[in-house]
Each structure stands twice: as structure tokens, then as C-alpha cells.
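In: just coords:
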């Protein structure tokens, strides 16, 4: 079982857990090894739990029918958030939320918060709406492929990512849609304040004071408010969100959620 990845090898299993296929891959690369015996259309034996990461609304040619065909073979369909559960309900698929695991990040109070604003993720994806950060781009440190905004830190490993979260005051995620949006959850674990937009359905996982409208003016105003009141808002993040988020979205908790479903079969 691989959390966040489709990790299935061999042909005989009592229990198969796998994510849905990569929509951008060729048909032969769609993760079908999780379903079938090698080089055949004979389904593998075993209890199958298939997990859906999301159905990207900004991808008009997403192969819904292929996804539905795959999920019909599952004993249980799971997904990573309530918005994805709603997406699946809209195509007639019942799913159970197991959430998605965050990285092994943690709050380290010894760090100096020298980075005003951090962006983590792809920036060349229109769905990410990094352009909403344009008026504060000079203060942004960005991590991820093709960032193209503020100071680009490149791709980093998990140790460095934990360092940057703990060195940042604000972690911005102006995305319109995310299956979950792990970066703001990881940010809160590390004592940084997330900045999210109101039309992202997962914004409800953040406190109200972190949410703004999806306009440059609103994002800029909210950014200044959070920065000017950082100490006050950070106390709320650390007391009410940090440890709770770390526990709820840890890989151990998610594994327990999956195994509980298997045991209830």
C-alpha cells in the first residue's frame, strides 16, 4: 500500500489499495497493473480499495468514463477530501473520505520567520492562479516547477521544505480548486499562516481570518492584514490548528482510516 502513490507489484494480493490512474499518461501507463494480471484483461484477486485524488475541473478532456470503468471494479471507493467526494457523487460514484496525508513536517519554534510569503507548487498551471500574488511578488519565495514568481528556491526535499515552512510567516495558495491543498495544512502544522481564496472548497479547513476573495485587491489586502497581525494569528494557528492538523492528516492516521474500511468489509 502506498499513500499518495499507486504502489502495487505482483499478481496475487489479499488486499489492493491504489490511487486512480494518471489522466496525463498513455493508456498503457494508466496504472492498470493495479487491476489486472500482467499483460491480460483478467482482474487480480483480492479486496480492492481504489482512491481518487480528484477530477480536475480545469481539464476539459479528463477521461471520466475510464475512471468510472476502473472504479466499478473496486470493492470500496475512497477519496482524499469532501469536495472530491462531491465530484464523485456527481458522476454516480459513492466514495468515503480517508483524506490525504501531509508530509512529516513539524513546528520548530527556534526558527526566525524571515520569509514574508511562501508559495509551494506548480505556477504554470492556470488553476493555481499565481497571478493573484502579483502585487506582492517581490516578497514571495516560491518552491515548485516553473515557479516564475518572486525568488525561486527550486525543487526541494522534505527536510528543506520543513525548513522553509518554519521560516515563513504566510503560505499562499490562491488556487481555485485543489483535491485537498496539502501545502496550507503543512503550513499550519509548522506555525505559518495560510492565505486561501473563498472559492476554493477546501478553504473551510482554514480559519476564517485566512480567507479572501479571488481578486488581486483582496489577496493584497488580506496579505497585509495577516502580516501586520502575524503574532496574534499565529497564536491561534498554533493553539487550535497545528497539532490537530498534524494528527488528522498524518500518514499513520490515513493508513488507519484505510485499514478500518478493509476490516469493516
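Out: Arrived safely. What you see is a predicted model, and the numbers here were worked out from it, not measured in a lab.
In: Surely residue 88 and residue 97 touch.
Out: No: using C-beta atoms under 8 Å, residue 88 makes no contact with residue 97, being 10.2 Å away. Yep, even glycine has a C-beta here, placed from its N, CA and C like the rest.
In: what sits in contact with each of these two?
Out: residue 79 (C-beta atoms under 8 Å, 6 or more residues apart in numbering).
In: So between these two, which is more surrounded?
Out: Neighbours per residue (other C-beta atoms under 10 Å) separate residue 88 from residue 97, with residue 88 holding more: 21 against 15.
In: tell me the contacts of that one?
Out: 52, 55, 77, 79, 94, 95.
In: switch the cut-off to 7 Å
Out: 52, 77, 79, 95 (C-beta atoms under 7 Å, 6 or more residues apart in numbering).
In: Tell me the most packed of these, by neighbour count.
Out: Ranking those using other C-beta under 10 Å puts residue 79 first, with 28 neighbours.
In: Give the bridge partners for it, please.
Out: residue 52, residue 97 (DSSP bridges).
In: In the record's domain split, what are the boundaries for this structure?
Out: If you go by automatic domain parsing, the domain ranges for the chain are 15-100+251-263, 115-248.
In: from those domains, which stretch is densest packed?
Out: domain 115-248 (a mean of 19; mean count of other C-beta atoms under 10 Å).
In: Show the average pLDDT along that one.
Out: Domain 115-248 comes out with an average pLDDT of 95.
In: In the stretch 1-150 of the chain, what residue spans correspond to helices?
Out: 64-71, 82-90 (DSSP state H, counting those that start in this stretch).
In: mean pLDDT lowest for which of those?
Out: Looking at the helices of the stretch 1-150 of the chain, the bottom one is helix 64-71 with a mean of 87.
In: now the strands for the stretch 51-200 of the chain?
Out: 76-79, 96-97, 115-120, 140-143, 151-154, 168-173, 193-197 (DSSP state E, counting those that start in this stretch).
In: Which of those strands sits closest to residue 109?
Out: Taking C-beta to C-beta, strand 168-173 is the member of these nearest to residue 109, at 13.9 Å.
In: Indicate each strand paired with the closest one and its parallel or antiparallel sense.
Out: Under the criterion DSSP bridges, strand 168-173 sits next to strand 115-120 (parallel), strand 193-197 (parallel) in its sheet.
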